[in-house]
Structures are given as C-alpha cells and as structure tokens.
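Asks: sequence isn't available, so here's the structure alone:
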C-alpha cells in the first residue's frame, strides 16, 4: 500500500510540474554546502572547511568548475580598486577625501589598505571526489581543473579548505562598519559560479551584484562566546548560544560558542556578528518568523527597530497576496554592512536610521526575497529585473503599510517615474540591457536598475491592464519559483495572461534609449488630434470631459499589441465613464484623430499617469 501510494504521488508530482512547465530544455545546476568556520575575532581572520555536492544537469560533461573569491577584490590594484579610480561618480562610501571640503580629492579606500586590512580568501586544498584537483586564483575567480569530468546527470563532491581575512568595511562585506558592527560577513565563502544555458558567469567583482545556483546550506560558525550572530537560515541550537533564548546556557569549547544554521533552496548565505547585538522577533499572520538583530545604541533606535519589526511582519503578509507566498520559515534583518543588501532569507542593513528610512530599506531588501531570491535572476545581466521589480514591490508596500493613505495615488510609483525622467533627459542614459558592470556612470546604472526597472513594471500594467499585471506576477511565481528565469520568461507570462503581444515594448524599453512623448496637437468642436512626437509608439488612453459635464474614455490600442487591454474600472476616475475602443494605431503613422460627438471642455492623455511620457506639458487641454 505504501509503495503504491508513493508511485501515485510521484506521478501526480510529475503531472503537476508539467502543468507549470518551463521553457523547453530548461535545466539548472544544484549545490549543497556544508561549512565549518573557525573565527579569530582579534585578527579578523578565519579558517574554513567546506564540503560541496555539485549536481550537473547541463546536458554536457564538465572538465572545469569555477568559484568566486569576493574578498580578493579588497586589495590594492584589484579590478574594483582600478574601477574606482576612473569612474566619474564613484561610490562615496568607497572613497576618502584627501583634499578639502571646497576642493575634494577623492581616493579609493582600497588603494591604501595595508596587509592586515585587506581582504583575501586563500585556497589551501581542493579535492574532487577524494582526489586532489589542480586550481589557480585569478583575481576574484578560482579556476579548478578536474582530474576527471563530471558527467551529465551526475553529482560530484568537492572538499575545500581555505584561510581568509575580513577586509576593512568598504563595500557590503567587512569588519568594524561605520556603525560599529564587528563582522559583516557577505560574499565571504568560496561560492560556486553559476553555469547555465548561456555558459559560465565569471564576472570579476567590481562592486555590482551576483548570480548563483540554488542549493542547501549547513553552516557551523565557531566564534568567541560573547558574540551574537544574525544569519541566513534557521538557527539549529538557540539554547546553546547567546541572544535567542532567555537564560540560555551557552555551550563553549576553547572559549568559543558554535552556531549552526541550516537553509534550503537559497543561493547565497550571509551573517553578521557583534558582542553588543540584541535579538527581537515576531511572527507574521502567515507564519513567518521575522528576526531583528541590531545594536541598541539609544532608546530612539530601539523604538525604531521595534516598530520596523511589526511592519516587516505585515510586509510579508501583504506581499504574499500580490506576488506569491514567501516559502521559507524565517527572515532575519541584521544591522551591518554599508547600506542595504539582500541575501538568502536575510539582509544586512545600516540601522542608525530614522523610522522612515529603516522601514524603507527593510521593505526593499525583504522584497528581494522574490526578486531575486525566489527567482534566481542574473543580476550581472538583468539588474533591472531584480532591483526594478524589487523597488516596485517596496513602493507598493510602503504606501500601503507605512503611509496608509486615505486615497490611493493613481500611480503608486510616481517618484520612480520622475527619477527615470531625470535620467532620460540628462544625456547619460544607456540601454537597460547593458551588462551591470559596464555602465559609464553609477548614476545611469542606479537609475536604470531601480527606477526605470520599476517603471517597466507599472507601465506594463498600463499596457495589459492592472488586473492582468497582478495575474502575471502570480502566474510567474507559480512557474518560476526556485528557478532562474530571464526577462523573456516574464514577458511570455504576461503575454499568455493578457493575450497581448509585448515584443515591441520589451525590446524598445530595454535595448534602446528611445523615449515616449505624446501630445495633443489640435482640437476642434468635433475632433481632437493626438501626435506621437517620439520614436516609441504606445497604446493611448484619452479622457474627454464634455462641456455638459459628461465624460468619455477613448482607448486607442497599438496595432503591434494584436489585442486590447480590458476596461480598468477599479480606478475611481473611470467609475461610470463610457469607454470607447477605437481602431488601432500603428507606429509608422505619427498622428491620430479622434472624432468627438460634442464639444470638449477638457482632454487628458493618460489620466492614470502610468505612461512614461518624458514631456507632459502638452498632455492636457483646457481652453
């Protein structure tokens, strides 16, 4: 009976997965890490041992594999150091002013690090299935040549030992942060590089973000007994360490406590430690335990963290309804690092903020649990897909949970639109499909990734309809959680949900710097003419208020859509308004005339303010 049940269950599982099939031929690699870390808190060094099970599902055998050694970037002469010297707007956190306030002379902080301040990960041994493997370090990449190939559809075991030094806190990782956190341990272990249908992703670490295969983590950290840790994963022995259980009897060996964490189906693991940390926790209605681990420097800071904890639990309940359920049991917000950075089931944020800033950064980093930790998005290639969609989630939640408006804004991410407009009109915009490391300025990178990426999402709702956008996010969650989707997979999901072709939109908005600009060019008693003043065609909503006080919404589909968005009656301004669908417009024709049954008192292009029109002065007509 048990065997029969198991076979039946297996069949149903296969059928269920087939119903949410990925693109044909899709595959992904797998990693399972077991690590043992011994920390010397006085020298900021540690020794590491790791056993890694690597699963090859690529359809080919592998003779080499690669690991990232991110700490090696924090050395004079590294690619990250050299990048800071030439980019016109370097990250100020990574620079020091050797001049005056009036005449600043910025210098890379990495360039002045001494041997006891640099970061490094020095690999001592690599074994492959018990045999010694040949390896070499090249900057932040470790290349391992295997004594025998990893066959397709098989697994191999790697054993690594290494010694590491935690760098001065300059970017994300480091010791002794500006807020006084002793250890901010991110990008801290030899991490298996990502291999997929596009090949190996071997980007040198110059300050941007990451991609990695999904896997399970079992991490044991031995550190001075007085330290408290906040980490990815779930703590396995809270009664044996400091901070998590009242009156815990800390178990020690050689004056060190051993912290053991486990996490499943994540693709990065981070932690921070300090003897002054305190721990608080709360549970969301959906059952997610949220931990905060922070420095209680003054009563205001403690109060802010307490309030932010409650809002964080609300955040997970809110986001689950719109983007899919958070699938892990815990989430930990740890004070550390130099701003805010997301990792598997955890984030490190700077904590000495006012309440607004603290809630905002927690919402943003927690939103990364979807984009990018539920969907292993390649941030080195599609940074906007990660940061932009995360910013979109953050803005929705911030308005709903923090601002709690009595009336909802027509466009909930208006600030992102304004940020995008500044870039679009600055002359510094570059295509959003550019590899993240290669932007000429940090200004262009950050605005594209965070603001224009969010605009892409909200404007997509303008094209396919608000409700269809909501359905798209949920369908995408069902299809792609714990996998590595591309932007095309999201586009295809939106097309399947809406029945609208979106090739033109994603191509022009991602691969070019073309801008949208429509305007009212002429109006008479019985007609209004709309003109496309740009080289980017879009569907158009036009709301006409007649002199008798009645209103009519004219919807002009774009021919390239090969479909129409449904009526969006959830918007208050459309309640009781007649909607007229006109003949489609096409991009080769610059103007379009709408016949009016009576005289207009007011004409408005895009009344919901979701069209990213860079010049809106001519979008409204009032006599």
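Replies: All right, it came through fine. All values derive from a computational prediction rather than experimental measurement. Residues are numbered from 1 along each chain as shown.

Asks: which residues in the stretch 1-150 of the chain form helices?
Replies: 2-19, 79-86 (DSSP state H, counting those that start in this stretch).

Asks: against residue 293, how distant is the nearest residue to residue 352 once chain neighbours are set aside?
Replies: If you skip the residues right next to it in sequence, residue 352 has residue 179 as its closest partner in space, 5.3 Å away by CB to CB, 6 or more residues apart in numbering. Heads up, the C-betas are built off the backbone N, CA and C, glycines and all. Residue 179 is 13 Å from residue 293, where distance means CB to CB, to the nearest Å.

Asks: before we move on, back to that, which one of the helices of the stretch 1-150 of the chain has the lowest average pLDDT?
Replies: Among the helices of the stretch 1-150 of the chain, helix 2-19 carries the lowest mean pLDDT, a mean of 38.

Asks: ok so, going back, the residue nearest to residue 352 against residue 338, yeah?
Replies: No - here residue 179 does not reach residue 338: they are 9.1 Å apart, not a contact under CB atoms under 8 Å.

Asks: show me whatever sits in contact with both of the two.
Replies: residue 350 (CB atoms under 8 Å, 6 or more residues apart in numbering).

Asks: quick check: buried residues in the lengthiest helix in the chain?
Replies: Determined from DSSP state H, the single longest helix within the chain is helix 299-323. Using 16 or more other CB atoms under 10 Å as the test for burial, helix 299-323 gives 301, 304-305, 308-309, 311-320, 322-323.

Asks: may I see the buried residues of stretch 276-285?
Replies: Buried residues in stretch 276-285, counting neighbours by 16+ other CB under 10 Å, are found at 277, 279, 280, 284.

Asks: how close does the first one sit to residue 308?
Replies: Put plainly, it is residue 277. 16 Å.

Asks: ok, what's across the strand from the residue lying closest to residue 133 once chain neighbours are set aside?
Replies: Closest residue to residue 133 apart from its sequence neighbours, by CB to CB, 6+ apart: residue 126 at 4.6 Å. Taking DSSP bridges, one obtains residue 160 as the residues bridged to residue 126.

Asks: pretty sure residue 126 sits against residue 132.
Replies: Yes - with contact defined as CB under 8 Å, residue 126 counts as touching residue 132 (7.4 Å).

Asks: okay, those two: which has more neighbours?
Replies: Taking neighbours as other CB atoms under 10 Å, residue 126 and residue 132 compare with residue 126 leading, 23 against 10.

Asks: residue contacts, that one?
Replies: Contacts of residue 126 (CB under 8 Å, 6+ apart): 132, 133, 135, 144, 158, 159, 160.

Asks: residue 390: which element?
Replies: Per DSSP states H and E: residue 390 is located in helix 383-397.

Asks: inside strands: which ones of the contacts of residue 126?
Replies: 132, 135, 144, 158, 159, 160 (DSSP state E).

Asks: just the buried residues of the residues you listed.
Replies: By neighbour count, with 16+ other CB under 10 Å, those hold 135, 144, 158, 159, 160 as buried.

Asks: which residue is nearest the centroid of the protein?
Replies: residue 386 (3.6 Å; CA atoms, centre = their mean).

Asks: how much space between it and residue 320?
Replies: Using CB to CB, residue 386 is found at 19 Å from residue 320.

Asks: which stretches in the stretch 101-250 of the chain count as strands?
Replies: 106-108, 120-128, 131-132, 134-138, 141-150, 154-165, 174-175, 183-185, 191-192, 194-196, 199-201, 215-224, 228-231, 234-235 (DSSP state E, counting those that start in this stretch).

Asks: can I get the ones you listed in JSON lines with mean pLDDT and distance to residue 22?
Replies: Output for those, formatted as JSON lines (pLDDT from 0 to 100; distance: least, CB to CB, whole Å):
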{"stretch": "strand 106-108", "mean pLDDT": "97", "distance to residue 22": "43"}
{"stretch": "strand 120-128", "mean pLDDT": "98", "distance to residue 22": "30"}
{"stretch": "strand 131-132", "mean pLDDT": "98", "distance to residue 22": "35"}
{"stretch": "strand 134-138", "mean pLDDT": "98", "distance to residue 22": "33"}
{"stretch": "strand 141-150", "mean pLDDT": "98", "distance to residue 22": "23"}
{"stretch": "strand 154-165", "mean pLDDT": "98", "distance to residue 22": "21"}
{"stretch": "strand 174-175", "mean pLDDT": "98", "distance to residue 22": "38"}
{"stretch": "strand 183-185", "mean pLDDT": "98", "distance to residue 22": "33"}
{"stretch": "strand 191-192", "mean pLDDT": "98", "distance to residue 22": "21"}
{"stretch": "strand 194-196", "mean pLDDT": "98", "distance to residue 22": "12"}
{"stretch": "strand 199-201", "mean pLDDT": "98", "distance to residue 22": "19"}
{"stretch": "strand 215-224", "mean pLDDT": "98", "distance to residue 22": "18"}
{"stretch": "strand 228-231", "mean pLDDT": "98", "distance to residue 22": "31"}
{"stretch": "strand 234-235", "mean pLDDT": "98", "distance to residue 22": "28"}
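
Asks: closest to residue 465 among the contacts of residue 126?
Replies: Checking the contacts of residue 126 against residue 465 by CB to CB gives residue 158 as the nearest, at 48.9 Å.

Asks: list the contacts for the closest one?
Replies: Contacts of residue 158 by CB under 8 Å, 6+ apart are 50, 51, 52, 54, 65, 126, 127, 128, 133, 144.

Asks: what does stretch 192-205 contact?
Replies: Here stretch 192-205 has contacts from 25-29, 31, 52, 54, 58, 62, 65-68, 70, 72-73, 79-80, 139-141, 187, 211-213, 378, 380-381, 437, 484, using CB under 8 Å, 6+ apart.

Asks: that stretch: end-to-end distance?
Replies: 14 Å (CA to CA, to the nearest Å).

Asks: now for the helix or strand harbouring residue 507, which elements pack on it?
Replies: According to DSSP H and E, residue 507 maps onto helix 503-511. Using 3 or more CB pairs under 8 Å, 6 or more residues apart in numbering; DSSP states H and E as the contact test, the elements touching helix 503-511 are helix 453-464, helix 487-498.

Asks: which other helices and strands contact whichever helix or strand comes after the first one?
Replies: Once helix 453-464 ends, the next helix or strand along the chain (criterion: DSSP H and E) is helix 466-480. Counting contacts by 3+ CB pairs under 8 Å, 6+ apart, helix 466-480 packs against helix 299-323, helix 453-464, helix 487-498.

Asks: measure residue 206 to residue 69 for me?
Replies: In terms of CB to CB, residue 206 sits 14 Å off from residue 69.

Asks: which of these two has more neighbours?
Replies: For residue 206 versus residue 69, the count of surrounding residues by other CB under 10 Å is larger for residue 69: 24 against 20.
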